[in-house]
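Undergrad: Sequence plus the predicted model coming up.
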Amino acid sequence: MSLPRLCLAMILALSGVAVVAICLGETPLTLAQYAQALAHPASPPGEVLWSIRAPRVLVAALVGAALGLSGATMQGLLRNPLADPGVLGVSAVSGLGAALAISMGLAVLPGAIELAALAGALVAGALVVVLAARFREPEALILFGVALSALGGALTALVFNLSPSPVATAEVMAWLMGSVQNRDALDALRALVPMTIGAILCARAGRGLRMLTLGEEVARMSGLPMARLRVQAVAGSALLTGAAVAAAGVIGFVGLAAPHLVRALVRDDPKRLLWPSALAGALLLVLADLAARVIPTEQELKLGVVTALFGAPAFALLAWRASRSWRS
């Protein structure tokens, strides 16, 4: 399937799922209420659809697209199908920034937690960018990312340990589990700016990611500026991941699985994989958030929990099928 046709099909699928996600929710509406919401957006049913559900779906789609695109970029740069946005440690340090803001009582300030999470991501991303510019080996990036993730996790655990109140501890835990609940259009706008910059950087790295499939030595001999490629890919992925964590907390699996869902359709071309992965990530997260809302539980499930519960078995099935093809 050609790339434009694949992207068009996925956009149509995402649009259909988004409409369903806006229409369905914990509070059921009648046909008359849907008509009222369409005719009078300021009516109570209109507030439910356009002020509560629609921004939530939009943020979920943006976060999923950012994670999917970041995952595809990292898998192409590191030439490792198991790489994901968290491999650089950006997610862990971004979550640490949010945890510090919550424990310091800054949650009462609008946008403070999101800014703290994005600041943590930028700090981690800057460290990784410096490393990417100095070292050629992808293993060095992976090892540094593992160390940074461990440090971020340890410091976050320290925040839990020294939290001034059980309420703050519960808020930190809720944030780290991920959610797009109570998000509005302003949250989507805040996330869109760094996500756009990150997406541009990843797109500029696309041609280089394709050349890397021939091997780093061949890519370098062809005149590809490897240092610039690594900086663009790492900086773009860090911005995308940080903006996603700032908007919705820490959400796993999506960045790892989304590229695998469409990889066969683009013939393992890292450049062609980028935008389908973004659309697949958006589709996955909108579906996961819809499941979190409609599954009958006393307390709404967190988005990170839903993606792990439903995504891990699905990814295990994909891995099993891939291993069968490798053996053959």
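TA: Received the coordinates, thanks.
Undergrad: number of nearby residues for Ala112?
TA: Using other C-beta atoms under 10 Å, the number of residues around Ala112 comes to 16. Glycine gets a C-beta too; all of them are placed from N, C-alpha and C.
Undergrad: Report the separation between it and Pro296.
TA: The span separating Ala112 from Pro296 equals 34 Å under the rule C-beta to C-beta, to the nearest Å.
Undergrad: same thing with His260?
TA: Spatial separation of His260 from Pro296 under the definition C-beta to C-beta is 31 Å.
Undergrad: looking at this structure, which helix or strand is least sure?
TA: For the chain, using mean pLDDT, DSSP states H and E, the weakest element among its helices and strands is helix 216-221, scoring a mean of 67.
Undergrad: Can you tell me which helices and strands the following helix or strand past it packs against?
TA: Scanning forward in sequence from helix 216-221, with DSSP states H and E defining helices and strands, the next element found is helix 226-248. When contacts are defined as 3 or more C-beta pairs under 8 Å, 6 or more residues apart in numbering; DSSP states H and E, helix 226-248 packs onto helix 54-78, helix 90-103, helix 112-134, helix 185-204, helix 206-212, helix 216-221.
Undergrad: can you state the direction angle for the second one and helix 54-78?
TA: On the basis of axes from the mean of the first three to the mean of the last three C-alpha atoms, to 10 degrees, helix 90-103 is oriented at 140 degrees to helix 54-78.
Undergrad: Taking their axis directions, helix 90-103 and helix 112-134 sit at what angle?
TA: Helix 90-103 and helix 112-134 are oriented at 150 degrees to each other (the same axes, to 10 degrees).
Undergrad: tell me the mean pLDDT over helix 90-103?
TA: Taken as a whole, helix 90-103 carries a mean pLDDT of 88.
Undergrad: mind saving the C-alpha coords of that helix as PDB?
TA: In PDB, the C-alpha atoms belonging to helix 90-103 read as follows (Å, rounded to 0.1, in the frame of the first residue of the first chain):
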ATOM      1  CA  VAL A  90      13.200  11.300  29.200                       C
ATOM      2  CA  SER A  91      10.000   9.900  30.500                       C
ATOM      3  CA  ALA A  92      11.500   9.100  33.900                       C
ATOM      4  CA  VAL A  93      13.000  12.500  34.400                       C
ATOM      5  CA  SER A  94       9.900  14.200  33.100                       C
ATOM      6  CA  GLY A  95       7.800  12.300  35.600                       C
ATOM      7  CA  LEU A  96      10.300  13.300  38.300                       C
ATOM      8  CA  GLY A  97       9.700  17.000  37.400                       C
ATOM      9  CA  ALA A  98       6.000  16.600  37.700                       C
ATOM     10  CA  ALA A  99       6.400  14.700  41.000                       C
ATOM     11  CA  LEU A 100       8.500  17.500  42.500                       C
ATOM     12  CA  ALA A 101       6.000  20.100  41.400                       C
ATOM     13  CA  ILE A 102       3.200  18.200  43.100                       C
ATOM     14  CA  SER A 103       5.100  17.500  46.300                       C
END
